[in-house]
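1. Compute the structure for the input listed below.
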Amino acid sequence: MRVKDPAKTALIHNAALRLTLLHGIDGLKMADIAKEAGIATGTLYVYFEDKEALLGSLYAAVQATCRQHLPKAERKEEPFRVLFKNAFITAQQYWVIHFAEAIFMDQFYHSSYISAAMKKEPMPLEDYFSLLLAGAKRQLLVKDMDTDLLLCAITGLLRQAAMLCVRAEKKLNKPLLEKLFTLCWDGIKA
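-> Prediction:
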């Protein structure tokens, strides 16, 4: 068996991400991904048996990258609002810069390509904010609501704001980040 070049795997993943933005996951074709990556279709099949394997690999890679970019939650000496603001702003900047990954994650999670095992794994962003919210709820710092509802307010705003910045070419600057954080914080604080 040939050793697979990690750089070529990344090239294939990036091609799939670009095409997902244009055509959606259901519109992806292996031949188009190979062409976008600048490789032969046969080479693509050396790396990935089929579209499902490629998408599963890409999903795992995007999740790992997302987890690496989230701030560390261990700094318990800081007030919750400071930790939450840092996490919110970091997540907002990440999803604007990595917009293709955000779109891919949403589409893949709701597609027929995701396995039951993958669906059971928590999404990095939701998992991270769930951990932050759990402590804040115990301290009565956020609304005493179902965590899933609070996550809808947080992640929904993050995703929609990323879409606004990318598609409407709105600049994600400090004043906008402050407004978005205030909007989110006012929605979840106790």
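2. Give me the residue ranges of this structure where confidence is low.
-> 1-2, 72-76 (pLDDT under 70).
3. Centroid-nearest residue for it?
-> For the chain, the residue nearest the mean C-alpha position is Ala102 (4.2 Å; C-alpha atoms, centre = their mean).
4. Let me see the residues that make contact with the helix or strand hosting it.
-> Per DSSP states H and E: Ala102 is located in helix 99-109. Residues outside helix 99-109 that contact it (C-beta atoms under 8 Å, 6 or more residues apart in numbering): 16-18, 20-21, 24-25, 55, 58-59, 62-63, 65-66, 95, 114, 119, 123, 159, 162-163, 166. Quick note: C-beta positions are derived from backbone N, CA and C, even for glycine.
5. mind listing which of those are in helices?
-> Per DSSP state H, helices hold the following members of these: 16-18, 20-21, 55, 58-59, 62-63, 65-66, 95, 119, 159, 162-163, 166.
6. Enumerate every residue touching Val142.
-> Leu133, Ala136, Leu150, Ile188, Lys189, Ala190.
7. Of those residues, keep whichever come out buried.
-> With burial judged by 16 or more other C-beta atoms under 10 Å, the buried subset of the contacts of Val142 is Leu133, Ala136, Leu150, Ile188.
8. Please compare these by their distance to Leu83 and name the closest.
-> Ala136 (8.8 Å; C-beta to C-beta).
9. how close does that closest one sit to Asp106?
-> Ala136 sits at a distance of 26 Å from Asp106 (criterion: C-beta to C-beta, to the nearest Å).
10. Check Lys143 too.
-> 25 Å.
11. what's near enough to touch Ala161?
-> Gln92, Val96, Leu172, Leu180.
12. please redo it, this time with the cut-off set to 6 Å
-> Taking C-beta atoms under 6 Å, 6 or more residues apart in numbering, we find Ala161 in contact with Leu180.
13. if I've got this straight, Leu157 is in a helix?
-> Yes: the assignment for Leu157 by DSSP: H, G, I helix; E, B strand; the rest coil puts it in a helix.
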